[in-house]
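Q: A predicted structure for the sequence below; I have some questions about it.
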Amino acid sequence: MHFYVRKRRTTPAVIIVALIDVLIVLVIFLLVTTTFKQTSALKVALPESSQSQPSGASEEQKIIVSVNTNGVYFLEEKGGHMPVTDEQLQSRLKDAAAKNPNLILEVNADEKAPWGKIVKIRDYAADAKIKTLRAATKETSKP
């Protein structure tokens, strides 16, 4: 009997540098193709205005309160919209204004929201000593 001696195969070598290069190219591609828009999960039909300015990611510290057509307040926290009562909204505005005296309050009210609810937000902002109040609008459509 004649036995053949098997030669051991060499294990294939993985070139890590090439894999890292491919990974970096993929990360760069994802960063370039990703859009960084702030979109709201709460659908509010903003009123139109000819003086509307685009809202974007700004360096300013702001708190966003939304009002839907039923007059329910929603406070934007941690990327989500939480429904709040009048008392909760008033206390959270006071807390936020105490932490940052240059806080900006942005109101996203539906165009069919009750006007009295928007006036209450303004009153709560005045009680909390918030100096700047902005109303979010959308640009008028051009014919």
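A: It's in.
Q: use CA for all of it now, contacts and neighbours both
A: Noted.
Q: Residue 125 contacts residue 93, doesn't it?
A: Yes: using C-alpha atoms under 8 Å, residue 125 makes contact with residue 93 at a distance of 6.8 Å.
Q: higher neighbour count, these two?
A: residue 93 (25 against 21; other C-alpha atoms under 10 Å).
Q: what's in contact with the helix or strand containing that one?
A: Secondary structure from DSSP states H and E places residue 93 in helix 86-99. Residues from elsewhere that reach helix 86-99, judged by C-alpha atoms under 8 Å, 6 or more residues apart in numbering: 73, 75, 103, 124, 125, 127, 128, 129, 130.
Q: Among those residues, which lie within helices?
A: Secondary structure defined by DSSP state H assigns 124, 125, 127 of the contacts of helix 86-99 to helices.
Q: out of everything not next to it in sequence, what's closest to the last one?
A: Of all residues not flanking residue 127 in the chain, residue 94 sits nearest, at 7.6 Å (C-alpha to C-alpha, 6 or more residues apart in numbering).
Q: Mean pLDDT per helix and strand in the chain: which one sits at the bottom?
A: Within the chain, no helix or strand scores below strand 48-49, which has a mean of 60 by mean pLDDT, DSSP states H and E.
Q: Quick check: buried residues in stretch 102-113?
A: By 16 or more other C-alpha atoms under 10 Å, the buried positions in stretch 102-113 come out as 102, 103, 104, 105, 106, 107, 108, 109, 110, 111, 113.
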